[in-house]
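Chemist: 3D model of this:
(one chain, ligands or ions: 1)
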Amino acid sequence: MSKLKGKVALVTGGNSGIGYASAREMKEQGATVIITGRDLEKVQSAAQDLGVTGLVADVLSLAAIDELVGQIGRDFEKVDILFVNAGIFQPAPIGQISEEMFDHQMGINFKGAFFTIEKFLPLLNDGASIINLSSINAYTGMPNTAVYAASKAALNSYTRTAATELAVRRIRVNAVNPGPVSTPIFAKTGMAENQLNGFAEAMENRIPLKRFGTPEDIAKLVSFLASDDASFITGGEYNIDGGIIINPIMN
Ligand code: NAD
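Modeler: The predicted structure is shown next:
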């Protein structure tokens, strides 16, 4: 259980959900882990639980990312695993999407991811692994997800381009596309509880394996892609969704 021994891993949005589980898994696999988030108290509390380093950086602020790069450079010198996980899900119907809503979701899910990588490049070791947390939503036509889906589709497109450009440094870039996973992300949408329950039931019916994913399911795949076991894998996208994307009918 030490396939990440000697590696330094940064997990953006590591204080909750998939990021938290992935930080724990990577630590168990021997990595030195740093998590980030927006809220000092939440990041510190999660970091303490996990026994890792917790730092605050809002990915909407390029200055905050610069500061993070400076601090990690001073304290850890180099990074081997960059898990670009921070993201939000704010469903809204077409016709009711303001510029502010568009900029906020695109700003975190795509621009924030993009500039996290851009700014961490000088700190990445040759042979590093970048994992972008996307979504099967990049490919589905789920109602109310126009901005979210586009932000993740942009991230997948970026993943392919980056994989070709960064291969010269043996840096691998892959994307993970989860289906529905039980995390706090849905509660943060502001949807009423009965709406959330209806959504969860409809999703579960649609998933061939008949359950939501767990953060730990995703963490195992992330940890594999981060490891040298995946040293010939780059530019790939990995659906991890209980089969929902291949199921065209509700059953
Ligand atoms: P979560 O809400 O539990 O975690 C999201 C994390 O992102 C939190 O740590 C939060 O602090 C961080 N974050 C949000 N905005 C940030 C910002 N501006 N700066 C820094 N950090 C910020 O949700 P989760 O489900 O674990 O989501 C993690 C990733 O997985 C997201 O990118 C999400 O889009 C993606 N995803 C989730 C699901 C799902 O069903 N839960 C499915 C597909 C993809």
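
Chemist: Find the centremost residue of the chain, please.
Modeler: The centroid of the chain falls nearest to N85 when counting by Cα atoms, centre = their mean (2.1 Å).

Chemist: residues contacting it?
Modeler: N85 is in contact with 11-14, 18-19, 22, 131, 133, counting by Cβ atoms under 8 Å, 6 or more residues apart in numbering. Just so you know, the C-beta spots here come from the backbone N, C-alpha and C atoms, and that holds for glycine as well.

Chemist: out of those, which are inside helices?
Modeler: Residues of the contacts of N85 located in helices (DSSP state H): 18-19, 22.

Chemist: Give me every residue in this structure lying close to the ligand.
Modeler: With Cβ under 6 Å from any ligand atom as the criterion, the chain meets the ligand at residues 12-13, 15-19, 37-38, 58-60, 85-89, 108, 112, 133, 135, 178, 180-181, 183-185, 188.

Chemist: Where does pLDDT dip in the stretch 101-250 of the chain?
Modeler: Low-confidence segments of the stretch 101-250 of the chain (pLDDT under 70): 249-250.

Chemist: Please enumerate the helices of the chain.
Modeler: Using DSSP H, helices in the chain cover 17-28, 40-50, 62-76, 99-106, 113-120, 146-166, 193-206, 215-226.

Chemist: Can I get those in CSV including mean neighbour count?
Modeler: Output for the helices of the chain, formatted as CSV (neighbours: other Cβ atoms under 10 Å):
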stretch, mean neighbour count
helix 17-28, 24
helix 40-50, 16
helix 62-76, 15
helix 99-106, 14
helix 113-120, 19
helix 146-166, 19
helix 193-206, 13
helix 215-226, 21
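
Chemist: can I get those helices in CSV with distance to M1?
Modeler: Listed next are these as CSV, based on distance: least, Cβ to Cβ, whole Å:
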stretch, distance to M1
helix 17-28, 6
helix 40-50, 16
helix 62-76, 22
helix 99-106, 37
helix 113-120, 27
helix 146-166, 28
helix 193-206, 32
helix 215-226, 10
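
Chemist: out of those helices, nearest to D126?
Modeler: Within those, the stretch nearest D126 is helix 146-166; the backing value is 9.7 Å (Cβ to Cβ).

Chemist: Point out the other helices and strands that the closest one packs with.
Modeler: On a contact count with 3 or more Cβ pairs under 8 Å, 6 or more residues apart in numbering; DSSP states H and E, helix 146-166 meets helix 99-106, helix 113-120, strand 124-133, strand 172-178.

Chemist: To T53, which of the ones you listed lies closest?
Modeler: Across the helices and strands packed on helix 146-166, T53 has its closest neighbour in helix 113-120 (15.4 Å, Cβ to Cβ).

Chemist: what's the neighbour count on F110?
Modeler: Number of residues near F110 (other Cβ atoms under 10 Å) recorded here: 21.

Chemist: correct me, but it touches L155?
Modeler: Yes - in this structure, F110 is within contact of L155 by Cβ atoms under 8 Å, at 5.7 Å.

Chemist: List just the nearest of the contacts of N85 to A226.
Modeler: I131 (6.3 Å).

Chemist: what's near enough to touch that closest one?
Modeler: Contacts of I131 by Cβ under 8 Å, 6+ apart are 81-85, 174-176, 222, 225-226.

Chemist: Which member of those residues is positioned nearest L196?
Modeler: When the contacts of I131 are ranked by distance to L196 (Cβ to Cβ), N85 comes first, at 22.0 Å.

Chemist: per-residue confidence for that closest one?
Modeler: pLDDT for N85: 98.

Chemist: In PyMOL, how would I select just the buried ones from the residues of the chain next to the ligand?
Modeler: Selecting only the buried entries of the residues of the chain next to the ligand in PyMOL, with 16 or more other Cβ atoms under 10 Å as the criterion:
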select buried, resi 12+13+15+16+17+18+19+37+38+58+59+60+85+86+87+88+89+108+112+133+135+178+180+181+183+185
